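*Asks:* predicted model follows, preceded by the sequence.
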Amino acid sequence: MGESGVSRDIVQEKVIDALQDALQQAKRRGQLKIEALPSVTLDQPKRPEWGDFANTVAMTLASSEQRAPHDVAQIILENMAQREAIFDRVEIARPGFLNMTVKRDLWLQVLSEIEAQGEAYGRADLGKGRRVLIEYVSANPTGPLHVGHGRGAAVGQAMARLLAAVGFDVVQEYYVNDAGRQMKLLGTSVYARYLEQNGRAATFPEEGYHGAYIAAVAAHVQERVGTTLLDAPPEQAEQRCRDLAQEELLGLIRKDLQAFGIEFDAWFSEASLMSSGAVRQVLDDLTQRGLLFEQDGALWFRSSSFGDEKDRVVRKQEGDYTYLASDIAYHRDKLMRGYDLLIDVWGADHHGYIPRMEAVVQAFGYPKDRLRVVLVQMVSLMRAGQKVEMSKRAGEFITLREVVDEVGADAAKFFFLMRRSDTHLDFDLDLAKQRSADNPVYYVQYAHARIASLYRVAEARGIRVPKPSEADLSLLTDADEFGLIRKLAAYPSVVRASAEALEPHRLTFYLQELAGLLHTFYYKHRIMPPAVEAEAPDGQGFVTDAAALSVRQREEMTPGLTAARLALMREVQQVLRNGLALLGLSAPDRM
RNA sequence: GCGCCUGUAGCUCAGCGGAUAGAGCACUAGCCUCCGGAGCUAGGGGCCACAGGUUCAAAUCCUGUCAGGCGCACCA
């Protein structure tokens, strides 16, 4: 993404300023006792009659002011100097809510703001250029990616884009676990299949990889080295199988990710930490600081000194390093590279490791919140209402690639991002493929395509699609139009909250809501005048819903109104496009 | 046994201190001669697991109980 441009919540800012000024003035006049100005936040009232924004400071202040909430609200209200300039209405409701209705002119400015910001609408500078490294997927190169990895990929990418949008300098990294026991098992598994393929006796390792793809890998090994490994010393042959298998599987992972539309900035090899001596170095460093100790022939990390429930082994009795040793080295490396924040996206079954990684971060003298771990829960694939059974041990699982091939990358990503990442997800394959309003992906993308289609019709009829600055927006007066505008105005704060909480699903929900408003608007209102020859005598067409019908009959489509609505549509489309981009989805003009 | 997460409409889930708790699906009843029906309208449906507490205000915070998931390796 990059580029400059930071958009503002022009409406919210003005409302908050008005409230803060009122508090300030009330304090100056001695009407309120408060010392520090309380932070002012805006709530969305649940009912439209309550206005555009609600504020609750009066109620929070009531007890310290020793006054009734209503009185405090009254004082704030009286001190709102620019009330007329910003609000149509400010009312006090029951306990002590301040309900505010913003002037239409102000709302309309939102459209010009989006026009001016374009693709940058929604960006912020929360990050202030701070550097973040987000590590995700990081699956062992021992087999193809499965759907769980896919969810991690979608979440990781969306978070990376969200953080970049709010002003962080983001690097996306894949940590390749290309060392250790799992890789060894991969080697012996492939070697065993290789031997079998050549009619030799082979004992397949009990804990090895049983998937059918292993045989395919073994066949590829044979294509490359022929039968030369048959008579090589087993250990050497295994090693060779392992290297070739890893190369192939990592290549496969890269391809699968590419097909899914995920791209990493860096691939970091665990094995490189071993060969460079980085692991040994970090352990020496920790030893010097008294954070490692030997016991029972093993080497332990004193993680319990940093909040972990017990100490952890970093080098086993037999002398091998545990995965923790390389994880320490890896995280140390990331910290040394100068990132202000490390984000790790993990499968939720690894949640027990959080305290120990936080201990690692602290052992190197960094605050523990330098690391944020995002957990991604399991995905159950559903087909025909039934759960698709998978068994990883038996090598029977649906790969990410199969899902992407079946439902498409956009649908897969959207589904992965529909729920909070740390809750279990039911992924309905049938629904994801469906081309109907029931499928949320199509619902949102269709909103975008529908507007694009509108432009095509406009062009065919010689009607220009104006920018907000070129149209008379004051012709927009309908509640449905303002519903859309209010939603557009909320977009930057949704992006911000979503990024701060590392919860991309909030944006997914927002886009569904915005698309819903668009579809409703589109159905109830005309944007362009009906084509003359097609106009039915009663002017009602297929709209039979009583309320919508009366709206349509009442509305007279003037060229001015058409222009204003086209301008509105333009910015709705812009926000849909911006939001889809942050989730890593396309915004098609035709579907 | 200990720790973490989760219990909200029939189902899948939002909401996580504020006013009569929301959405989608499913269900019921409607809607295609006009800008893409890949869409729209209306309706029923809830002691927000349970019990205490904090608060002017609790689905939301605290404590306990019950239920489910996941962890508790010198495996990754």
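*Replies:* The structure has been received and is ready for your questions. Numbering: from 1, shown residues only, chains lettered A, B, ... in the order given.

*Asks:* quick one: residues in contact with the strand or helix carrying A:Asp71.
*Replies:* Under the criterion of DSSP states H and E, A:Asp71 resides in helix A:69-78. Defining contact as Cβ atoms under 8 Å, 6 or more residues apart in numbering, one finds that helix A:69-78 is touched by A:19, A:22-23, A:26, A:31-32, A:57-59, A:61-62, A:65, A:83, A:90, A:92, A:95-98. For the C-beta atoms, the positions are set from N, CA and C on the backbone; glycine is no exception.

*Asks:* try stretch A:564-571
*Replies:* Contacts of stretch A:564-571 (Cβ under 8 Å, 6+ apart): A:111, A:114-115, A:451, A:454, A:458, A:463, A:465-468, A:470-476, A:481, A:484-485, A:488, A:525, A:527-528.

*Asks:* what's the answer for stretch A:172-186, then?
*Replies:* Applying Cβ under 8 Å, 6+ apart, the set of residues contacting stretch A:172-186 is A:133-142, A:156-157, A:160, A:205, A:207-209, A:238, A:242, A:245-246, A:249-250, A:263-271, A:273-274, A:323, A:326, A:330.

*Asks:* that older thread, tell me if the helix holding A:Asp71 is near RNA strand B.
*Replies:* Yes: Helix A:69-78 reaches RNA strand B (Cβ under 7 Å from any atom of the strand) through A:Pro69.

*Asks:* quick one: buried residues of that helix?
*Replies:* Neighbour-count burial for helix A:69-78, counted by 16 or more other Cβ atoms under 10 Å, picks out A:69-70, A:72-77.

*Asks:* likewise for stretch A:80-92?
*Replies:* Buried, per 16+ other Cβ under 10 Å, within stretch A:80-92: A:80, A:83, A:86-87, A:90-92.

*Asks:* how close does the one residue sitting closest to the centre of chain A get to A:Ala563?
*Replies:* Geometric centre of chain A, nearest residue: A:Pro504, 2.9 Å, by Cα atoms, centre = their mean. Distance of A:Pro504 to A:Ala563, computed by Cβ to Cβ, to the nearest Å: 36 Å.

*Asks:* with A:Leu42 instead?
*Replies:* Distance of A:Leu42 to A:Ala563, computed by Cβ to Cβ: 32 Å.

*Asks:* list the contacts of the closest residue to A:Thr558 other than its chain neighbours.
*Replies:* Closest residue to A:Thr558 apart from its sequence neighbours, by Cβ to Cβ, 6 or more residues apart in numbering: A:Leu475 at 7.6 Å. Residues in contact with A:Leu475 (Cβ under 8 Å, 6+ apart) are A:558, A:560-561, A:564.

*Asks:* near RNA strand B at all, stretch A:417-429?
*Replies:* Yes: with Cβ under 7 Å from any atom of the strand as the measure, stretch A:417-429 is seen reaching RNA strand B through A:418-420, A:422-426.

*Asks:* which of the residues you listed tops the neighbour count?
*Replies:* A:Leu425 (21 neighbours; other Cβ atoms under 10 Å).

*Asks:* remind me which residues of chain A are low pLDDT?
*Replies:* Within chain A, the segments meeting pLDDT under 70 span A:1-5, A:390-396, A:531-554.

*Asks:* dump stretch A:145-152 to CSV, restricted to CA.
*Replies:* Only the C-alpha atoms of stretch A:145-152 are listed here, as CSV (Å, rounded to 0.1, in the frame of the first residue of the first chain):
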residue,chain,number,x,y,z
LEU,A,145,-1.1,-26.6,3.5
HIS,A,146,-4.4,-27.5,5.0
VAL,A,147,-7.4,-25.3,5.6
GLY,A,148,-6.3,-24.3,9.1
HIS,A,149,-3.2,-22.8,7.6
GLY,A,150,-5.5,-21.1,5.1
ARG,A,151,-7.3,-19.4,7.9
GLY,A,152,-4.0,-18.2,9.4
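
*Asks:* distance from the chain centre to that stretch, please.
*Replies:* In terms of Cα atoms, centre = their mean, to the nearest Å, the centre of stretch A:145-152 is found 15 Å from the chain centre.

*Asks:* returning to what we had before: just the ones of the residues of stretch A:417-429 next to RNA strand B in helices?
*Replies:* Among the residues of stretch A:417-429 next to RNA strand B, no member falls in helices (DSSP state H).

*Asks:* any idea which of these is closest to A:Val360?
*Replies:* Closest approach between the residues of stretch A:417-429 next to RNA strand B and A:Val360, by Cβ to Cβ: A:Asp422, at 21.8 Å.

*Asks:* how about that closest one, phi and psi?
*Replies:* phi -90, psi 10 (degrees, to the nearest 10).

*Asks:* if I look at it, how far off is A:Leu400?
*Replies:* With Cβ to Cβ as the criterion, A:Asp422 and A:Leu400 are 20 Å apart.

*Asks:* do the same with A:Ala363
*Replies:* A:Ala363 is 35 Å from A:Leu400, by Cβ to Cβ.

*Asks:* tell me who's in contact with A:His519.
*Replies:* A:His519 neighbours (Cβ under 8 Å, 6+ apart): A:437, A:443, A:446-447, A:450.

*Asks:* any idea whether A:Val132 is helix, strand or coil?
*Replies:* strand (DSSP: H, G, I helix; E, B strand; the rest coil).

*Asks:* the stretch 301-450 of chain A: strands as residue ranges?
*Replies:* Assigned by DSSP state E, counting those that start in this stretch, the strands in the stretch 301-450 of chain A fall at A:312-315, A:341-347, A:371-376, A:379-383, A:386-387, A:425-428.

*Asks:* so how many other residues sit close to the residue lying closest to A:Met591 once chain neighbours are set aside?
*Replies:* Nearest residue to A:Met591 in three dimensions, chain neighbours excluded: A:Ala449, at 4.8 Å (Cβ to Cβ, 6+ apart). A:Ala449 has 18 neighbouring residues, counting by other Cβ under 10 Å.

*Asks:* what's the answer for A:Met569, then?
*Replies:* 22.

*Asks:* next secondary structure after the helix holding A:Asp71?
*Replies:* Next along the chain after helix A:69-78, with elements defined by DSSP H and E, is helix A:83-86.

*Asks:* how about the longest helix anywhere in chain A and RNA strand B, touching?
*Replies:* Longest helix in chain A, counting residues (DSSP H): helix A:234-259. No: if you take Cβ under 7 Å from any atom of the strand as the test, helix A:234-259 misses RNA strand B, and the best it gets is 12.9 Å.

*Asks:* what residues does the stretch 351-500 of chain A have near RNA strand B?
*Replies:* A:351-353, A:378, A:418-420, A:422-426, A:435-440, A:442-443, A:446, A:449-450, A:452-454, A:456-457.

*Asks:* again, only this time at 6 Å
*Replies:* A:351-352, A:419-420, A:422-426, A:435-438, A:442-443, A:446, A:449-450, A:453-454, A:457 (Cβ under 6 Å from any atom of the strand).

*Asks:* buried ones in stretch A:460-475?
*Replies:* Buried-residue list, stretch A:460-475, by 16+ other Cβ under 10 Å: A:463, A:465, A:468, A:471, A:473, A:475.

*Asks:* from those residues, which is closest to RNA strand B?
*Replies:* Distance to RNA strand B, by Cβ to the nearest atom of the strand, is smallest for A:Ile463 among the buried residues of stretch A:460-475, at 9.3 Å.

*Asks:* tell me the secondary structure for that closest one?
*Replies:* Applying three-state DSSP: A:Ile463 is coil.

*Asks:* any idea how far A:Val575 is from it?
*Replies:* From A:Ile463 to A:Val575 the distance is 22 Å (Cβ to Cβ).

*Asks:* in the stretch 1-150 of chain A, which spans are helices?
*Replies:* A:10-28, A:57-65, A:69-78, A:83-86, A:104-117, A:147-165 (DSSP state H, counting those that start in this stretch).

*Asks:* show me chain A divided up by domain.
*Replies:* A:10-102, A:136-275+A:377-433, A:440-582 (automatic domain parsing).

*Asks:* tell me which residues touch A:Asp243, please.
*Replies:* A:Gly187.

*Asks:* next: A:Asp88.
*Replies:* A:101-104.
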